[in-house]
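Peer 1: sharing a model that was predicted from the sequence below.
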Amino acid sequence: MSPRVTRCYLAVPAHRRRMVEGAAQSAADAVFLDLEDAVPPAAKDEALAGALAALDELDWGRKLVAVRINNVTGELAAREVAALAGPKRLDSLIVPKTENAAQLALVAGWLADGDPEGRIGIEALIETAAGVVRADEIAASGGRLTALQFGVGDFAASIGARSAEIGESPAGYALLSREAEGQYARSALDLWTYPMMRLLVAGRAHGLRVIDGPCGAFKDLTLTAAWAAKAAAMGFDGKQAIHPGQIGPIQAAFMPGAAEVDFARRVVAAMRAAEGSGRGAVSVDGKMIDYANLRMAERILGLAEVEG
């Protein structure tokens, strides 16, 4: 598992210099400069030039810095990768609409001349039905691959979901049940649980970071925090943000609470004491604890040590 902390990935269009400068100065753990969906066709060259300048000129601190290139099936991606292999501050390339391992191999081949030492990683943005179906193949491709990201907006379009807001389940996706004669109860359902879990399991099986897609309602910090908390509870490493105001709520959602940290510390202490007496399990707060609990507790404590 990569040690990089990427609770919040802030997306910013690479042709908007002021926004890029703000991203560099922000508290986000990771930033990706976008050359794809956030950039109109007429500004593609400007965006690439902006990304190159920002990578060379701005102080990015300890952030993971990525660039989302254009679709590898188009005409722009190869030129973008060749240009981006030069700047030394670039950590990774995000490959949009990833649908198979061959696309990642293509990008790796483009990188080979400009980055023969393999310094620049690749992150697969999975955002179509075909990509989700092949999540295992993509995650197993190895090489420069460091992370999987979920593109929830394009995935919704790919499957034909009638969702009005990026990241929100369609209003009609609900269960209506009859509790008594003449009485009905409606329960909202989460359309994204299945693809999120597919990506999470595939990523974890191959030691990759896994990042959730954004909350499109960027002014609604309650929704932002709640959807980030869901991803964190599932086990994701972070979530995309499309506005700087979302950074704080997202990062907080991926940080364990005080009670959770306290319990994790007591689990670790109890298990170490049990080991000393030749036992592999112990009771903490009336719960049976073994080495699986110890591994979960150690992960929580690792998250708690992250500087906010």
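Peer 2: Everything's here; your move.

Peer 1: residues contacting residue 96?
Peer 2: 36-37, 68-71, 125, 127, 151, 154 (CB atoms under 8 Å, 6 or more residues apart in numbering). C-beta coordinates here come from the backbone N, C-alpha and C atoms, glycine included.

Peer 1: so residue 31 belongs to a helix, correct?
Peer 2: No: counting by DSSP: H, G, I helix; E, B strand; the rest coil, residue 31 is not part of a helix but strand.

Peer 1: that one: neighbour count?
Peer 2: By the measure other CB atoms under 10 Å, the count of residues near residue 31 is 26.

Peer 1: try residue 81
Peer 2: 27.

Peer 1: how about residue 55?
Peer 2: Neighbours around residue 55, by other CB under 10 Å: 22.

Peer 1: the one 5 residues further on too?
Peer 2: Here the neighbour count serves as a burial measure; for residue 60 (other CB under 10 Å) it reads 17.

Peer 1: that one in helix, strand or coil?
Peer 2: Under three-state DSSP, residue 60 comes out as coil.

Peer 1: okay, residue 139 and residue 16: tell me how far apart.
Peer 2: 32 Å (CB to CB, to the nearest Å).

Peer 1: before we move on, the earlier item: out of the contacts of residue 96, which sit inside strands?
Peer 2: Members of those lying in strands (criterion: DSSP state E): 68, 125.

Peer 1: quick revisit: of residue 139 and residue 16, who's got more company?
Peer 2: Shown here are residue 139 and residue 16; by other CB under 10 Å, residue 139 has more neighbours (25 against 19).

Peer 1: now that one, nearest residue through space, not along the chain?
Peer 2: Excluding its sequence neighbours, the residue lying closest to residue 139 (CB to CB, 6 or more residues apart in numbering) is residue 202, at 3.9 Å.

Peer 1: didn't residue 91 look like it was pressed against residue 64?
Peer 2: Yes: taking contacts as CB atoms under 8 Å, residue 91 lies within contact range of residue 64: 4.9 Å.

Peer 1: number of nearby residues for residue 279?
Peer 2: So residue 279, with other CB under 10 Å, has 12 neighbours.

Peer 1: quick one, phi psi at it?
Peer 2: Main-chain torsions, residue 279, degrees, to the nearest 10: phi -110, psi 150.

Peer 1: may I see the buried residues of stretch 242-260?
Peer 2: Neighbour-count burial for stretch 242-260, counted by 16 or more other CB atoms under 10 Å, picks out 242-244, 246-254, 256.

Peer 1: in PDB, list the C-alpha atoms belonging to that stretch.
Peer 2: C-alpha atoms of stretch 242-260 as PDB (Å, rounded to 0.1, in the frame of the first residue of the first chain):
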ATOM      1  CA  ILE A 242     -14.200  20.500  -7.200                       C
ATOM      2  CA  HIS A 243     -14.000  23.500  -4.900                       C
ATOM      3  CA  PRO A 244     -11.600  24.600  -2.200                       C
ATOM      4  CA  GLY A 245     -14.500  24.900   0.300                       C
ATOM      5  CA  GLN A 246     -14.900  21.100   0.200                       C
ATOM      6  CA  ILE A 247     -11.300  20.400   1.400                       C
ATOM      7  CA  GLY A 248     -11.900  20.700   5.100                       C
ATOM      8  CA  PRO A 249     -15.100  18.600   5.300                       C
ATOM      9  CA  ILE A 250     -13.500  15.900   3.200                       C
ATOM     10  CA  GLN A 251     -10.300  15.700   5.100                       C
ATOM     11  CA  ALA A 252     -12.200  15.700   8.400                       C
ATOM     12  CA  ALA A 253     -14.400  12.800   7.200                       C
ATOM     13  CA  PHE A 254     -11.300  10.700   6.600                       C
ATOM     14  CA  MET A 255      -9.800  11.400  10.100                       C
ATOM     15  CA  PRO A 256     -10.900   9.000  12.900                       C
ATOM     16  CA  GLY A 257     -12.800  10.600  15.800                       C
ATOM     17  CA  ALA A 258     -11.400  10.800  19.300                       C
ATOM     18  CA  ALA A 259     -13.400   7.800  20.600                       C
ATOM     19  CA  GLU A 260     -12.400   5.700  17.600                       C
END
